[in-house]
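Visitor: quick one, what's the 3D model for this:
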Amino acid sequence: MSMDMTTVGDTGLLDTLQHEVAVFARRAEQTRLGGVGQVRNSMDRAAYLLLNRLDKEGPMGVKALAASMGIDSSTVTRQVAPLVDTGLVKRTSHPEDGRAVVLQLSPRGLSRLEEVRSSRRRLMAELTQDWEPQERETFCALLTRFNSALSARMSVTPGTDTPATT
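Guide: Numbering: from 1, shown residues only. Have a look, this model is predicted:
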């Protein structure tokens, strides 16, 4: 569904929105939204997202992990290497196909992920401490919706309005 963005809303509001998204992206990257305390800044975004995905979806191969994260296999391979080296992720053989490699969160990886999650939860609580519970819920719902729209847009082949087939 393509539409002229000027019909969607006030140009000034859209300018403010794109500016605030740009500021958010820069600040999030600068701080890595790493949380509070000793854990702050101790895990980069790529590592966090990979560990989180393995925790939520269980052991999987590189291709499946790449597909579920919307990135290519070579990127996953590059990002997972240091996680394997530091013992946060284990490489194991696929139970049915011994030649296939399966990536799995190690007990150490899970423990580290929980530390980081807890620290990030505290940061989110701190940043929104003077918000009403309903404001937190609304912000979360709208940010989720915004991220979903961005994700859907990224899965469209550049220059067309058709989904990518890769």
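Visitor: could you check the pLDDT of the spatially most central residue of the chain?
Guide: Ranked by distance to the mean C-alpha position of the chain (CA atoms, centre = their mean), the top residue is L49 at 4.7 Å. According to the prediction, L49 has pLDDT 90.
Visitor: what of M5?
Guide: pLDDT, M5: 53.
Visitor: ok so, going back, the residue nearest to the centre of the chain: what secondary structure?
Guide: For L49, the assignment made with DSSP: H, G, I helix; E, B strand; the rest coil gives helix.
Visitor: next one: it relative to S119, how far apart?
Guide: Distance, L49 to S119, by CB to CB, to the nearest Å: 16 Å. All C-beta spots, glycine's among them, are computed from the backbone N, C-alpha and C.
Visitor: and the helices in the chain?
Guide: With helices called from DSSP state H, the chain shows them at 5-8, 11-31, 45-57, 62-69, 73-85, 107-127, 133-154.
Visitor: and E96, which of these is closest to it?
Guide: E96 sits nearest to helix 62-69 of all the helices of the chain, at 13.8 Å, using CB to CB.
Visitor: so which bits of that closest one are buried?
Guide: With burial defined by 16 or more other CB atoms under 10 Å, the residues of helix 62-69 counted as buried are V62, A64, L65, A66, M69.
Visitor: any chance of these in CSV, plus pLDDT and distance to V89?
Guide: Output for the buried residues of helix 62-69, formatted as CSV (pLDDT from 0 to 100; distance: CB to CB, whole Å):
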residue, pLDDT, distance to V89
V62, 91, 11
A64, 92, 14
L65, 93, 10
A66, 92, 14
M69, 87, 14
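Visitor: from those residues, pick the one nearest E20.
Guide: M69 (25.7 Å).
Visitor: how about the closest one, nearest residue that isn't a chain neighbour?
Guide: Among residues not flanking M69 along the chain, R53 sits closest, at 5.9 Å (CB to CB, 6 or more residues apart in numbering).
Visitor: that neighbour: what's it in contact with?
Guide: Residues near R53 by CB atoms under 8 Å, 6 or more residues apart in numbering: L65, S68, M69.
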